[in-house]
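> below is the sequence, then the predicted model.
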Amino acid sequence: MIHFLRRRFLFFFFTYLVSSLTIFFLLRILPGDPARVIAGGREATDDQVAQIRDELGLNASLPQQYLTWAVDFIRGEWGDTIAFRGADNRDLIMERSVNSARLAAVALLMSVPLSLALGVIAGLFENRLPDVLISLLTLSVVSLPEFVTGLFLINIVALRWGRSELAQSLGWWFLASSAAPANASFAEMLPALWLPAFAATLVMLAYISRLTRAGVIEELKRDYVRTAALKGIAWRAVIWRHVLRNALLPTITVIAISISWLVSGLVVIEYVFGFPGLGSLLIAAIERRDLLLVQGIVMVTVTVILFANLLADVAYALLNPRVELA
Amino acid sequence: MATVTQRNLLDVDKLTISYRVEDQWIQAVRDFQLQLGRGHIIGLVGESGSGKSTVALALMRYLSRNGRVEKGSRLVFDGEDLLSKPNAEMRRLWAKRIKFVPQNAAAALNPSIKIGRQVTETLKAADGIDGHEAYERMIRMFHDVNLVDPERVAERYPHELSGGMQQRVTIAMALISNPELLILDEPTTGLDVTTEAVILDLVRRLIAERDTSVVYITHNLGVVAQLCERALVLYAGEIMEEASVLDLFQQPRHPYSLGLISSVPKPGQSKRAAPLQSIAGNPPSLTRIPSGCVFANRCPLVLDLCRERKPPLETLEDGRLVRCHRWSEMEAGMQPVSPILRPPSPSLWRASPEREKGRNALLDTTGEKERKKPLPLHGVAQAQTRRGGVWGGGNDNTLMRATDLSKHFPVERKVSEILGRLDPAPIRAVDGVDLRLRAGQTLGLVGESGSGKTTLARLIIGLEERSGGTLELLGMDVRNSVRDRSQDVLSKLQMVFQNPQNSLNPYLSVRQAIRRPLIKLRGFAPAEADAEALALLERVNLRAEYAERYPDELSGGEKQRVAIARAFASDPDLIICDEPVSALDVSVQSAVLNLLAELQDEHGSAYLFISHNLSVVGYLADAIAVMYLGQLFEVGEARELFQSPYHPYTEALVSAIPVPDPLHATERILLSDDLPSAQNLPSGCRFHTRCPRKIGEICETDKPPWRQGDAGHLIRCHIPLDELTNAQSGLVLTDETD
Amino acid sequence: MKSFTVSRAYGAFMRTARSQLRHPQSAVGTLLVVFFLILALFGPQLAPYPNPNDQSHSLRAAPTLDIGGLRLGEHPFGTDRLGRDVYSRVILGAGSIFRIAGLGTLISVVLGSALGLFMGYQGGWVDEIIGRVIDALLAIPALLLALVLIGIIRNLDFAAGSWQAALADNVILLVISLLYIPIVARVARSTTLDIKTREFVEAAEIRGESQFYIIFREILPSVIPSLVVEASLRFSYAIFLVASLGFLGFGARPPSPDWGLMVNENRGGFYQLTPWALEFPALAIAILVIAVNLMSDGIRRAVQKGS
């Protein structure tokens, strides 16, 4: 177990190092002169550029810059934003992260049970009607780009149905995500969450359910299923006790991987819905060339994804007797 | 069989089973019949594609979703028609009265549920008992199948058990409900011969105790001969013959049965006496079943009638069944069948005088190796003991010499070991092997799986880098890795692999496969190479049209022939054959063995022939080395292998062979089936943990010495050879008289 | 020798085709992809108004498409608020999405499989290091990396003129290739690892074949089926990504007829005025994505059955 955890943690830190280096150097090397980018490009005067270089410590050597930045990042000093005057990067990112995390949580709660159920049903009915229908659904509607489904939901559900008297009287409000009060509680925010969360759900649904289906089909072909059936126990028990146990185990990893997808999806969805999350902040930061803010956002995202993967690996190892923990 | 008075437990008639493949229904089993009384045991023999596993599951009325039982079939168990039973009632039968033991126990157990729960689940379904009562009964059953420490086994997951233990668990699971009918589908296939002996012994004892009826499905004639009362021979989905085991083996009435029985090498049978008999050709494709006799295209007794009309399954007066137009002639002693059953083209077998000479010249060390001439070139294996130096004559004729060859696979370090700065013990797959091979001889290498024989082969060929020791070929030092070896060494060393499925590139035609070594290693021009490739094909008895075929258009035996032609293309001095026939059906296997013997005669190449099958090695080899846990324990002439004195390990291996002769009975020496780990080897003699002849503490503390017997026979044991001989006088399998 | 290879390739193609026919949804997907491909290739010839920024039409005209009457009318999909023919712009938009997604897929599959084959066959520390770096890179979500890269690269160039849009297109192509190379490499590597242990590869090693020969002559053919599946999958993701980037404003620049961009330009307040200017490009994206998915599902099924 210790051995296994050690390997996992080593890999975690290595990945963290490589991805932070990637992000750092992409932002420092590729643009040529980040100071000029921040200062506003070609129109900026050389003085302005020099001043920004000084402020950001860009005159030091690259490894030194990376170290300074990494240490600052770990200490939580993520600099001031340029895009949003006066705000501290960390406060801004944390505030938006909480919003995005809520959105992601609702999306996961909706998509994971649904996609597991669809995947299992499709797998059990391989190549028969339920499977064909679910396959068509996951291959088509559900794998559309988030902005297409998002806009559809806004236009159909929110604009048409949401303004109906029924919806109004129920107190639901739609499309008001951007108008959600600052520091709103989760409960207060929930009405604004479900529509974007549903849009985010769709893409993950396709991914998780297809892998679950494949897992179920693969397990059904194994010899132990026949052994179980020939014990004379009911087919339902064969499925629940034997097949699903093995088929659903790998989905732990699948769900962790799909969190990476979810992050990509959320960027688009937050943009479509005008939701004040990390994704819409990222787009704003890139548009306004706020490099430090971009770095901070990407690093936070990568941290979350890596932790999710680490947790999934550990959970998988703990639940799977076949993984050697010695 | 027709004269059964009481009601049969199992009564099957006109059973036809089809499978849908793509859009076509294929009749995998046609017109099958079987009557089985209570307490009887019948063997179902067939090669791959014969439909035997389909029958096994159909008898349980368990077919996969794409299978169906055709109308008119009859399947009656204890007076109840199974084919019309609803599933719920079938489940009740499965739970209690009809049980199935599958082939691959590792796959048949649920990997994520503890053994105990999987077994007690069976009891719950069978008798509705669970909890403490079920647990107690399971533990008793585990004792019955000789599982050591049953309480701990119950707490294990399947992957934590050895293959033999897993199979015991499946047998326990089947027998725990005291079934009336037990269907075993190749339960020992894939297990070592030592484990197989243990399992067979167990099955024999358990069914005798219980009065259970058994249908035993296997491809192994030896197992049938040793275990069953009656046997049923299946071919291409049809019954060829059904008879008592004694009748079947002594007077087969069907040419296929005869061919099958005579193509299996018996222990002690050798190429020096006569080539093996074999059945030419391949079974028909199930998509195009011939309208006449299904065996017609391979039958040496074929008449026009056979191709036109399917022979009926006839019941003979003594209750046997046979499906052949010419069974009466067979019965009348038409034993000229034997020569006819030889390979179809007589010119292919130009052996006899030289072969005889070769046999006599076995100990003749003077013969210089001459290429391309069928010359007797068998030598004697020589082992060089580390203490004793070179034994048995001079260096002349030495083709390859390995000294102190080792392969230790490093093991990843654990945290504690990093902290303590300890290197973990490596896995000693091969550990100090001294081996000498003479030009033109075949050295057989035997041992259980995990003995390191394949690793040894890979060290010699260079696919694995050795950790220590030296290797010489024709006096040249051979570099470690194949990538560092000279063209000269590469062309002199070739290999034939185990699995014909994987040994040919599916995207290259036969011609492309064979011409490449000609161009690469012998510097042929493309046109020359094409011509030579065709010549090589002819030498392995494949028609020229095979040149443009791709591997997926070839049968297993044909693929292996192409692989052999490819190995011979570079005109090598030594060919390493790693289990070259173990993936082939018996009827095909013998033809490949004959081919190897014949090509050796022509080329004078030496073989290092690795196999787990002692009879096969005994047939082909001139000398034999027995390997256990990375070391050699016995080296000697092939005929010595089946004569005492044996090393106790060899003795166990030999006694475990299921001999395809119902009259042959030996006292089996049963070894425990837990092989020690190669990472944590036993001290002293590595075999002491399993040795039935362990003499005392010395075996645990001291490494055994090499002891020298007659004609260079070497045994590494603490027991003196004459004592071994005395103790082992009962076990003699040499059979060179016929 | 060539002719046999060709005949086997033909056989594989026919198997795929037959399998597609057995699953009508795959056949429909493939046909639709072909249809869009024709639009992409001959867009300027097929569009009534080949200039995507032709603003000479009446503003905000409603669609004249009459499916029941099988009539296109003057502006089948209507015109947008600038008086541009939406029908023409949708047809012209097929070109860029196919070019970028297709070319990006091609580049990443070629380079990625070469890398993966090399890593898988070589093994050892080379494979270990590159493999770990690839794993680490893949921890960053593709879209995030694409946004960051495009955001930066775009800011580099301030030259005025029409080639700005062209460069922006190429930035996306570059980014797609860069993003997908490691993914393809990983697939090629794992298949190579499997094939490498096959005995025919060892047979080539023991006759001293060069690494190049073994990789490309012995291993590659067996890796191709999984690469074909991966390529079709990459293509569908690439279309997805190109459309999303266009929508987020990180793709083509106005006034180019990029579908994602058209959707973005016509949402919000404009949606009430000219819903068709959003709906038709969105529909085009939807149909293309579904078609590519159905096709790639069919390819996967055919290849898996064949192997």
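Received, thanks.
> use CA for all of it now, contacts and neighbours both
OK.
> what does chain C have sitting close to chain B?
Taking CA under 8 Å from any CA of the partner chain as the contact definition, chain C meets chain B at C:198-203, C:205-209, C:218, C:221-222.
> mind listing what the closest residue to chain A within the stretch 451-600 of chain B touches?
For the stretch 451-600 of chain B and chain A, the shortest gap (CA to the nearest CA) falls at residue B:583, measuring 21.2 Å. By CA atoms under 8 Å, 6 or more residues apart in numbering or on different chains, residue B:583 lies in contact with B:498, B:499, B:500, B:556.
> same question for residue B:595.
Counted by CA under 8 Å, 6+ apart, residue B:595 has contacts residue B:540.
> that one - that's part of a strand, no?
No. Using DSSP: H, G, I helix; E, B strand; the rest coil, the secondary structure at residue B:595 is helix, not a strand.
> chain B contacts on the stretch 201-326 of chain A?
Counting by CA under 8 Å from any CA, the stretch 201-326 of chain A comes close to chain B at A:222-227, A:230-234, A:242, A:245-246, A:320-322.
> count of residues packed around residue 90?
Here I'm looking at chain A. Counted with other CA atoms under 10 Å in any protein chain shown, the neighbours of residue A:90 add up to 19.
> look at chain C instead
Counted with other CA under 10 Å, the neighbours of residue C:90 add up to 26.
> find the nearest non-adjacent residue to it, please.
With sequence-adjacent residues excluded and distances taken as CA to CA, 6 or more residues apart in numbering or on different chains, residue C:90 is closest to residue C:281, at 5.9 Å.
> got the confidence number for that neighbour?
Here, the pLDDT recorded for residue C:281 equals 90.
> right, and it touches residue C:262 too?
Yes. Using CA atoms under 8 Å, residue C:281 is in contact with residue C:262, at 6.7 Å.
> for chain A, what lies in contact range of chain C?
So chain A meets chain C at A:14-16, A:18-19, A:22, A:26-27, A:30-32, A:37, A:41-42, A:139-141, A:143-148, A:260-261, A:263-264, A:268, A:271, A:283, A:286-287, A:289, A:294, A:298, A:301-302, A:305-306 (CA under 8 Å from any CA).
> rewinding a little: which of the residues of chain C next to chain B count as buried?
C:198-203, C:205-209, C:218, C:222 (16 or more other CA atoms under 10 Å in any protein chain shown).
> worst-scoring helix or strand of chain A, pLDDT-wise?
When each helix and strand of chain A is scored by mean pLDDT, DSSP states H and E, helix A:165-170 comes last, with a mean of 56.
> that older thread, which of the helices or strands spans the residue nearest to residue C:90?
Per DSSP states H and E: residue C:281 is located in helix C:275-306.
> what packs against that helix?
helix A:129-139, helix C:2-22, helix C:24-46, helix C:86-122, helix C:220-248, helix C:259-265 (3 or more CA pairs under 8 Å, 6 or more residues apart in numbering or on different chains; DSSP states H and E).
> chain center to that helix, what's the gap?
Helix C:275-306 sits 11 Å away from the centroid of its parent chain (CA atoms, centre = their mean, to the nearest Å).
> spit out the contact partners of residue 105.
Assuming you mean chain A. So residue A:105 contacts nothing (CA under 8 Å, 6+ apart).
> not what I meant, chain B
Counting by CA under 8 Å, 6+ apart, residue B:105 makes contact with B:163, B:166, B:167, B:170, B:187.
> what's the spacing between residue B:124 and residue A:240?
For residue B:124, the distance to residue A:240 (CA to CA, to the nearest Å) stands at 16 Å.
> in terms of neighbours, single out the busier of those two.
Counting neighbours by other CA under 10 Å for residue B:124 and for residue A:240 shows that residue B:124 has the greater number, 18 against 11.
> surely residue B:547 and residue B:532 touch.
No. Using CA under 8 Å, residue B:547 is not in contact with residue B:532; the gap is 11.4 Å.
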